[in-house]
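Peer 1: test case, fold it:
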Amino acid sequence: AYFTRVREAVHRHNPDAVLAPVGSFCTERPMFNSLSGWDGRLFTEAEDIQVSETVTHLFRAQPYWTYLPGENAAATNTISKPAMLCIHQACQFGRNAVTPPAKYVYDIMQAACHGGGPTINMIGTFDQEDKKGLEPLRKTYRFLCDNEDCFDGLRLKNRVALVYSQKSNDYDSRDDQTAFSPGDLHGMVTPTICGDEYRGIYEALTHMHIPFDVLHDGFLRDAPLDRYEVMILPGVTCLDEEQAKAVDGFVKRGGRLLVTGALPTKDGEGRECGTRLKCLPFTVEEKKPVDGYVLLQKRELYPSLPDTGLVGIIYDWSVIRPKERLEKQTVDMRRRKGPKNNKPEFCNIAEMTDEYGLYLVENRFAVLPWAIGRLYRNYGIYECPLVLKDLLTAMNLTQDIQTNAPYTVQIIWADAAAGETLALLNTTGFSGKQMLAVIPLEGFRVSVRTKASVAYSRVTHTYYQTRRAETFLEIDIPSLNAYDLIVLEEKKAE
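Peer 2: Below is the predicted model:
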């Protein structure tokens, strides 16, 4: 309400002026957002331009969250207002870490390639002792300027919607004592349980080269959900009535729903009230911490894991039971407790339970009531992203990108004024801390579902070797440094 009155006053004084207060759209400080009254939707409604501060603070516990600018740009790309991403306060230690040049370049490009307007909030003048970031900044912004048509009107071409739940982060952070410490600079220690689950799924999709949009829960009620084939609710525990109706309507109209980490059982005020979604006919009997394994017994579901039938688990587990018998239902991932004795003669003895970690109903939904995203985010459990990829395939998600590139190559597929584009961002130099340097890659392939026949690099100013493979265009990428921007064309320019 305050910013709405400020905007009205500004417009009365100068109708051509715009109000652009800086907030945090997707944040790793949920308690700070809650205490500050930074509700994503209300904040956006009260401003003319969405400005999101995308600083990963120095004081946040590792592992470093390297996707923050792209995450915020992707989230604001789905709303109707222009977005600016305030990336860093350059050349200042204290509140924000001094950023390596390679990270400047990566942050600027991931914000731009997801449809945001990257800005640098620089402390001091250009004539200062710390100049290491200035030349990379100049080169990167020159590239953006010279290739403006690749970013003008940019719209991501994604079939998956990943929901960021500010409500779940806000209310869960009040119960999660690790999420906030009053003496720790407004709660910068660690994300909440919901935040870790969401970010683990974000990383898994990125590493498996599955393009996706980020939907802030405040915009679910009027988001264009019908453009998506699959919606993912990662660790979403809170849904208000309008949000629940939006998700149920999406499934009713033929969309598929993937729920991970926990079922939404709380209302918009964080009160327990039973399963919030009519499309999920389950009762949550118990929530408890566990350790042990889930057994992958329906092996045909997991072609990416031919050599293992186990996934190690810890964290919270929801014991769920179907309220009714479901047609075309697949139940798998039976939970087995971990062995209490690791001596050879006892280590294979473990107690089985009657609890299951996967309920899959063809063309409707899949439920994973355990922390698959959180396990990948915090421990890098190898099987988690592969299980996610195979389940999305089982849910008949259209696969638009195929590649043999390593998981450290982020692929962003979009339409812009220049036409259809592929952005390739190289994070191979990222090791959980700041990305200190770019490690070049050589010789990989990217295939994209398109009618185009040629691929032109705006970075190397060359046409790459291509070939048609049914509905896909196979592109040979000879090398990749920090980034590449490829325009897909019907024929070579004269």
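Peer 1: low-confidence ranges in the stretch 201-350 of the chain?
Peer 2: 345-349 (pLDDT under 70).
Peer 1: who are the contact partners of the spatially closest residue to residue 326 that is not a sequence neighbour?
Peer 2: Nearest non-adjacent residue to residue 326, counting by Cβ to Cβ, 6 or more residues apart in numbering: residue 361, 5.3 Å away. Where C-beta positions appear, they are placed from N, C-alpha and C, glycine not excepted. The neighbours of residue 361, taking Cβ atoms under 8 Å, 6 or more residues apart in numbering as the test, are 326, 327, 328, 329, 330.
Peer 1: and the buried ones among those, selectable in ChimeraX?
Peer 2: Filtering the contacts of residue 361 down to the buried ones (16 or more other Cβ atoms under 10 Å) takes a single ChimeraX command:
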select :326
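Peer 1: ok, so of the contacts of residue 361, who is nearest residue 393?
Peer 2: residue 330 (13.4 Å; Cβ to Cβ).
Peer 1: you'd agree the closest one is in a strand?
Peer 2: Yes: assigned with DSSP: H, G, I helix; E, B strand; the rest coil, residue 330 falls within a strand.
Peer 1: and the strands in the stretch 301-450 of the chain?
Peer 2: Assigned by DSSP state E, counting those that start in this stretch, the stretch 301-450 of the chain shows strands spanning 310-313, 316-322, 329-337, 352-361, 365-368, 401-403, 409-416, 419-426, 441-449.
Peer 1: out of those, nearest to residue 129?
Peer 2: Per Cβ to Cβ, nearest to residue 129 of those: strand 419-426, 29.4 Å.
Peer 1: given that closest one, what are its sheet partners and their directions?
Peer 2: Paired neighbours of strand 419-426 in the sheet (DSSP bridges): strand 409-416 (antiparallel), strand 483-489 (antiparallel).
Peer 1: and the first one, C-alpha only, in PDB?
Peer 2: The one in question is strand 409-416. C-alpha atoms of strand 409-416 as PDB (Å, rounded to 0.1, in the frame of the first residue of the first chain):
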ATOM      1  CA  VAL A 409      26.600 -26.200 -20.000                       C
ATOM      2  CA  GLN A 410      23.400 -24.300 -19.400                       C
ATOM      3  CA  ILE A 411      21.200 -24.200 -22.500                       C
ATOM      4  CA  ILE A 412      18.500 -21.500 -22.900                       C
ATOM      5  CA  TRP A 413      16.100 -21.700 -25.800                       C
ATOM      6  CA  ALA A 414      14.100 -18.700 -26.800                       C
ATOM      7  CA  ASP A 415      12.400 -16.600 -29.400                       C
ATOM      8  CA  ALA A 416      13.400 -13.000 -30.000                       C
END
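Peer 1: residues contacting the nearest residue to residue 484 once chain neighbours are set aside?
Peer 2: Leaving aside its sequence neighbours, residue 484 sits nearest to residue 424 (Cβ to Cβ, 6+ apart; 4.4 Å). Contact analysis of residue 424 by Cβ under 8 Å, 6+ apart lists 405, 409, 410, 411, 446, 477, 480, 483, 484, 485, 486.
Peer 1: quick one: closest of the strands paired with strand 419-426 to residue 284.
Peer 2: strand 409-416 (35.2 Å).
Peer 1: the closest residue to residue 323 other than its chain neighbours: neighbour count?
Peer 2: Closest residue in space to residue 323, ignoring its immediate chain neighbours: residue 281 at 4.4 Å, by Cβ to Cβ, 6+ apart. Close neighbours of residue 281, defined as other Cβ atoms under 10 Å, add up to 16.
Peer 1: output the below-cut-off pLDDT ranges for the stretch 351-494 of the chain.
Peer 2: Counting by pLDDT under 70, the low-confidence segments of the stretch 351-494 of the chain come to 432-436, 494.
Peer 1: distance from the longest helix seen in the chain to the middle of the chain?
Peer 2: Criterion DSSP state H: the longest helix present in the chain is helix 193-207. Helix 193-207 sits 6 Å away from the centroid of its parent chain (Cα atoms, centre = their mean, to the nearest Å).
Peer 1: after that helix, next one along is what?
Peer 2: Using DSSP states H and E, the helix or strand that follows helix 193-207 in sequence is strand 213-216.
Peer 1: show the end-to-end separation of stretch 300-316, please.
Peer 2: Start-to-end span of stretch 300-316 (Cα to Cα, to the nearest Å) is 27 Å.
Peer 1: mind listing what's buried in that stretch?
Peer 2: Of the residues in stretch 300-316, those buried (16+ other Cβ under 10 Å) are 301, 302, 305, 311, 313, 314, 315, 316.
Peer 1: how near is the first one to residue 395?
Peer 2: The reference is to residue 301. Here the distance between residue 301 and residue 395 works out to 11 Å (Cβ to Cβ, to the nearest Å).
Peer 1: dump the residue contacts of the spatially most central residue of the chain.
Peer 2: Nearest to the mean C-alpha position of the chain, by Cα atoms, centre = their mean, lies residue 202 at 3.2 Å. Contacts for residue 202 (Cβ under 8 Å, 6+ apart) come out as 67, 71, 162, 214, 234, 373.
Peer 1: export the residues you listed to CSV and tack on distance to residue 357 and neighbour count?
Peer 2: Formatted as CSV, the contacts of residue 202 follow (distance: Cβ to Cβ, whole Å; neighbours: other Cβ atoms under 10 Å):
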residue, distance to residue 357, neighbour count
67, 27, 25
71, 27, 28
162, 20, 24
214, 25, 25
234, 15, 30
373, 13, 29
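Peer 1: still on that earlier bit, using JSON lines, lay out the strands paired with strand 419-426 together with mean neighbour count and distance to residue 112.
Peer 2: Output for the strands paired with strand 419-426, formatted as JSON lines (neighbours: other Cβ atoms under 10 Å; distance: least, Cβ to Cβ, whole Å):
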{"stretch": "strand 409-416", "mean neighbour count": "21", "distance to residue 112": "10"}
{"stretch": "strand 483-489", "mean neighbour count": "22", "distance to residue 112": "9"}
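Peer 1: possible to save those as JSON lines with distance to residue 135?
Peer 2: What follows is these, written out as JSON lines (distance: least, Cβ to Cβ, whole Å):
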{"stretch": "strand 409-416", "distance to residue 135": "24"}
{"stretch": "strand 483-489", "distance to residue 135": "16"}
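Peer 1: of those strands, give the one that comes closest to residue 241.
Peer 2: Among the strands paired with strand 419-426, the nearest to residue 241 by Cβ to Cβ is strand 409-416 (33.8 Å).
Peer 1: please state the offset of the closest one from the chain centre?
Peer 2: Distance of strand 409-416 from the chain centroid (Cα atoms, centre = their mean) equals 14 Å.
Peer 1: could you tell me how many residues sit around residue 201?
Peer 2: Residue 201 is flanked by 28 other residues according to other Cβ under 10 Å.
Peer 1: actually residue 148, not the one I wrote
Peer 2: When neighbours are counted by other Cβ under 10 Å, residue 148 comes out with 11.
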